[in-house]
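*Asks:* here is my input; please provide its structure:
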Amino acid sequence: MTESHIFQNAQGFVIENSQFVVSQAEKRGLQILLEASIPAAAYDSSEHPRHCHPGTRYQYIDQIVNWGLEGSNRGHHIFWLKGPAGVGKSAIAQSCAEELATQKKLAAAFFFSRPNQREDPQRLFTSISYQWASKRKPYAEILKSTIHDDPTIVNKALPHQFHHLFVSPLQKLVANGEDITERVVIIDGLDECAGVAAQRTIVEIIAASIRDSVTPFIWLICSRLEPHLVTAFNTLEVSVVTHQEELTVSRDIDNEIAKYLTDELAKIGREHDIPLPWPHERDIGTLINLSSGLFIYANTVVRFIGDHNSLGPETQLRAVVALAKIVAKRSSEHPLSELDSFYLLIIQRIPAKVLQTVQWILLATIIPDIGTDAEYNRQLLGLSRSEFRTACRTLHSVMKIEEGQIVFYHASFMDCMQDPQRSREFCIRSGSGLALRTNLMQRLQAVCNDPSIRPYSESFYALIQADRHESNDANVHAYENVILGFFSLFLNIPRSAAILTALACLNFERMAKLWVRDAWVPLNMNTVFLRIPKKYRSKIVQSCKDRDREVHAWEVAQMPRGADWDRSYILGHSQHKCFCWYDLSRRSFTLRSYYERPTGKYLTAGYLAADLATPECPTGVVKDARSGLGQDTTECHEPRHAPHAGPSNNSTPIPTAMGNSRKHRRPKVGHLDLVNKHRKRPRPKEDNENAPSPGRRLRKLL
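*Replies:* Model (predicted):
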């Protein structure tokens, strides 16, 4: 009898500490697809927009739902619902998604939102695909196998993504005899998708799929009337398959706004035991006039009046009614001028001691890699959790914190706060932006320019305003978020001579030694380089592309494998420099220490050859086809002292290939384990006399 084994034909797992762990390399296709999607963009996520109030916008909802249910009688397969900000497009899309889901006619829904960091076009089709796969098991099985065989599908260009995620699997379903019925896909806020070109491409891909009949989808697309989208939808190829419906800012919907305000304020009155009659009819009339046909105004007013952290609904209502006199004196052609006035009322009522903190919180949401993550935002600003919550409560009418994310109710608020013409002295990009950038610069100088501060000591935590009792990971990110925040603000806020002078005096060498992230993803150093005036570049940033490789062979020798010399930079000057490598494989920048060219015996070819020689390479040199120089496979480390290298105070560092030999190994440093954890570069143990040589080599310098 054949003996069976419990692990027979098993694959894709490892055993760690007596537990089964699924290998990363064997992730199932749907898991890869989920990681490349945005679950928060779905209609049933916790961040979905509010649906229309009962009895309002019913004519548009009925029209769209009936269009989705018409079947073969449908004249057009794209429904473009267009209109300016604040007229209720997202609420209509949400109501339609809920109704079509009830009718089992919804394939997926994706709600773009720029202020809530849901703007990546690369995640649109992956999200739609994942949502539909959760409803169609045969489609999910094909998709799972397809992505498992080629996980790079989720990173391909949008046309290729669409083909591999929809067209090819659907062809297989049809070949297998599966019945495929029409389903509606809803895309809301297409104008908030990052990149004008990406928006046009999405429209073109969808229109082409309809003309070629390669998918069973019909598409509801909601967006503002941006010129490039108007042009895209009016082209002959797209217009023939599209029905267009425009929502306008009109006082014709005053009765619907009146119903919404009456119902919602009556509910607030009951919750606070306010005696009737409240609100008075004249107050409702004032609010209707202030709304001027914008549902977003009415929504925001209701949240403002119902704020539990205020003096009460009656006081809040009086403040809004008083705003009517101010608005009447102003004349503006901006369609959202009334809404802007209300946003300014909200900001003006924030206590003076809290206002700057609130502005900094809003400013941090537009910083890459910080964004709407509440914890990163708090760490960047050095606030305690109670301080952060208190500041955010003052913006209850326009935003909320949900599942660790800052969620804005409407993009118009951040649009207003970033436009100096609309928010005037409260614009977050002007005075408050300069103040925050100065604050971050001072914190960086205090850490990087003081040699007495030891890495991750009590003084270090105090200067970056991190919580010493939190995990090491959280504190590491707190320091690095300060760096990311500073450089992002450097790009977005007008530069000044004072900030450039301070940057020229920053110790970049020390900054790099404290940087432990493996990749510096969010920043583009090419843009930073171009933003710095030429007279400051010699002290702040120098392009490696401008340096001849033959002349600067020592610097080239420090390049790690996969780094691009022509797209890398040297930050700082004199003894305070560091490298900012561009990693070709990760397409991102990484900070690394810079080592000055050594003198004396370190420059002798015989010394290098003897120290680097191995049985595989007797000369110790491997040629690099890109530059004709020797190829080194690693970076450099901190200074080591060699017995034969001269005086004991020689601080010239030597490359890893030399430094990893036993006589050059450095002692352990206090935070080395944390650094290694993030950089993922294991080092040989010092007490292991038989540790194998890493076999690293340096380029030939002479």
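*Asks:* wait, Val541 sits on Thr527?
*Replies:* No: applying C-beta atoms under 8 Å, one finds Val541 not in contact with Thr527, separated by 11.1 Å. In short, each C-beta sits where N, CA and C put it, glycine included.
*Asks:* those two: who's more crowded?
*Replies:* The residue with more neighbours, out of Val541 and Thr527, is Val541; 22 against 11, by other C-beta atoms under 10 Å.
*Asks:* wait, Thr201 touches Phe162, no?
*Replies:* No: counting by C-beta under 8 Å, Thr201 stays clear of Phe162, with 9.8 Å between them.
*Asks:* who's more crowded, the two?
*Replies:* For Thr201 versus Phe162, neighbours defined as other C-beta under 10 Å are more numerous around Phe162 (24 against 18).
*Asks:* check contacts around the more buried one.
*Replies:* Contacts for Phe162 were tallied using C-beta atoms under 8 Å, 6 or more residues apart in numbering; they are Phe125, Ile205, Ser209.
*Asks:* got a winner among these for most neighbours?
*Replies:* Counting by other C-beta under 10 Å, top hit in the contacts of Phe162: Phe125 with 28 neighbours.
*Asks:* do you know how far it is from Ala232?
*Replies:* 17 Å (C-beta to C-beta, to the nearest Å).
*Asks:* could you do Leu265 as well?
*Replies:* 41 Å.
*Asks:* same deal with Glu403?
*Replies:* With C-beta to C-beta as the criterion, Glu403 and Ala232 are 35 Å apart.
*Asks:* which one's more surrounded, those two?
*Replies:* Applying other C-beta under 10 Å to Glu403 and Ala232 shows that Ala232 carries more neighbours, namely 23 against 10.
*Asks:* next SSE after the helix or strand hosting that one?
*Replies:* Assigned by DSSP states H and E, Ala232 belongs to helix 227-234. Counting by DSSP H and E, the element after helix 227-234 in chain order, helix or strand, is helix 236-239.
*Asks:* check which helices and strands whichever helix or strand comes after that following helix sits against.
*Replies:* Counting by DSSP H and E, the element after helix 236-239 in chain order, helix or strand, is strand 242-246. If you count contacts as 3 or more C-beta pairs under 8 Å, 6 or more residues apart in numbering; DSSP states H and E, strand 242-246 packs onto helix 58-69, strand 78-82.
*Asks:* follow-up on the earlier one: just send the contacts of Phe162 back as TSV, with secondary structure, pLDDT and distance to Ser223 too.
*Replies:* Shown next, in TSV, are these (DSSP: H, G, I helix; E, B strand; the rest coil; pLDDT from 0 to 100; distance: C-beta to C-beta, whole Å):
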residue	secondary structure	pLDDT	distance to Ser223
Phe125	helix	96	17
Ile205	helix	96	15
Ser209	helix	95	18
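*Asks:* out of these, which is nearest to Gln359?
*Replies:* Phe125 (36.7 Å; C-beta to C-beta).
*Asks:* look up the closest residue to the closest one, ignoring the ones flanking it.
*Replies:* Gln161 (4.8 Å; C-beta to C-beta, 6 or more residues apart in numbering).
*Asks:* now the helix or strand harbouring the one you found, how far from the chain's geometric center?
*Replies:* In this structure, Gln161 is located in helix 158-162 according to DSSP H and E. With C-alpha atoms, centre = their mean, to the nearest Å as the basis, helix 158-162 stands 22 Å off its chain's centre.
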